[in-house]
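1. Requesting a structural model of the entry that follows:
(one chain, ligands or ions: 1)
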Amino acid sequence: MEERRPDLASARDRLVERLRREITDESVLEAMGRVPRHVFVPGDLRHLAYEDRPLPLREGQTISQPFIVALMTQAVRLGKHEAVLEVGTGSGYQAAILAELAGFVHTVERLSSLAKRAEEALASLSYHNVEVHVAGPSLGWEGAAPYDAIVVTAAAPYVPETLLRQLKPGGRIIIPVGSRQEQQLMVATKHGDQIHRQELISCRFVPLVGAEAWTADP
Ligand code: SAH
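-> All right, here's what the predicted structure looks like:
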């Protein structure tokens with residue numbers, strides 16, 4: 001698919017060059033250069049796929065800005081044999097970036113229609129190290145825990161205890177924490193029953209819905 005769209009491939013190269021100003025991890029930049037974001041965005045927005053901006057998905061959800069995807073990926077410092085959980089599959093794009101760098105990715109999505117589309121997009125690109133799950137009543141994906149890293153791509157009011165329990169000792173979690181309107185992107189490392197946290201930047205994500213988070217409608 002890629003080779004037939006040289007215009008999109010060169011737009012992607014330009015995006016990676018722009019990201020290089022702020023993202024220093026070469027393996028993350030290479031992953032951003034390999035994954036065709038246009039496969040994950042709705043058909044009528046494909047021409048915008050390599051702009052550094054978030055784009056609307058169906059069901060009122062959002063595919064994050066490429067810079068934020070790269071920053072979150074860089075901040076969790078993935079090893080190539082590590083197991084990662086993503087909470088908030090959305091389009092599946094962030095999951096594909098994680099799959100480029102980690103051993104295995106479990107990604108969980110609350111809305112089954114989005115989970116299905118994401119699964120199809122990931123399969124069309126032959127990612128065999130990603131499993132898409134439809135969320136159950138509790139947060140995360142207990143079935144494959146514990147994880148080396150957890151990437152939460154929806155905004156939470158605080159770092160949910162249930163997710164910390166799904167993290168290995170020394171594991172990293174990145175999560176936007178704050179109000180429904182505005183959050184700080186927080187990266188934390190689990191040490192025993194404590195976490196060491198660091199705030200990266202202000203951001204704005206769609207809300208995490210359900211247990212330990214918000215109701216669907218404010
Ligand atoms: N990472 C995505 C963007 C995610 S948008 C991408 O690369 O495209 C946030 C997603 O989180 C939405 O699709 C929303 O439905 C989902 N979500 C919200 N609450 C959730 C929960 N408790 N568990 C799983 N997914 C959730």
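
2. Write out the residues of the chain neighbouring the ligand.
-> 61-64, 87-88, 90-91, 93-94, 108-111, 114, 135, 139, 153-154, 206, 208-210, 213 (C-beta under 6 Å from any ligand atom). To be clear about C-beta, it is placed using only N, CA and C from the backbone, and glycine gets the same treatment.

3. tell me the helices in this structure, going along the chain?
-> Using DSSP state H, the helices of the chain run over residues 6-19, 26-34, 66-75, 93-101, 112-124, 161-165.

4. Find me the pLDDT at the residue nearest the centre of the chain, would you?
-> In the chain, the residue lying closest to the centroid (C-alpha atoms, centre = their mean) is Gln94, at 3.8 Å. Per-residue pLDDT puts Gln94 at 98.

5. try Gln194
-> pLDDT at Gln194 comes out at 87.

6. how close does it get to Pro176?
-> Separation of Gln194 from Pro176 (C-beta to C-beta, to the nearest Å): 21 Å.

7. show me the contacts for Leu208.
-> For Leu208, the contacting residues are 87-88, 139, 152, 154-156, 160, 214, by C-beta atoms under 8 Å, 6 or more residues apart in numbering.

8. Let me have these in TSV, extended by pLDDT, distance to Leu45 and neighbour count.
-> What follows is those, written out as TSV (pLDDT from 0 to 100; distance: C-beta to C-beta, whole Å; neighbours: other C-beta atoms under 10 Å):
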residue	pLDDT	distance to Leu45	neighbour count
Val87	98	24	26
Gly88	98	19	27
Leu139	97	30	23
Val152	98	24	26
Ala154	97	20	22
Ala155	97	22	25
Ala156	97	27	22
Pro160	96	31	24
Trp214	92	27	16
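
9. shouldn't the residue nearest to the centre of the chain be in contact with Val69?
-> Yes. Between Gln94 and Val69 a contact is recorded at 5.2 Å, counting by C-beta atoms under 8 Å.
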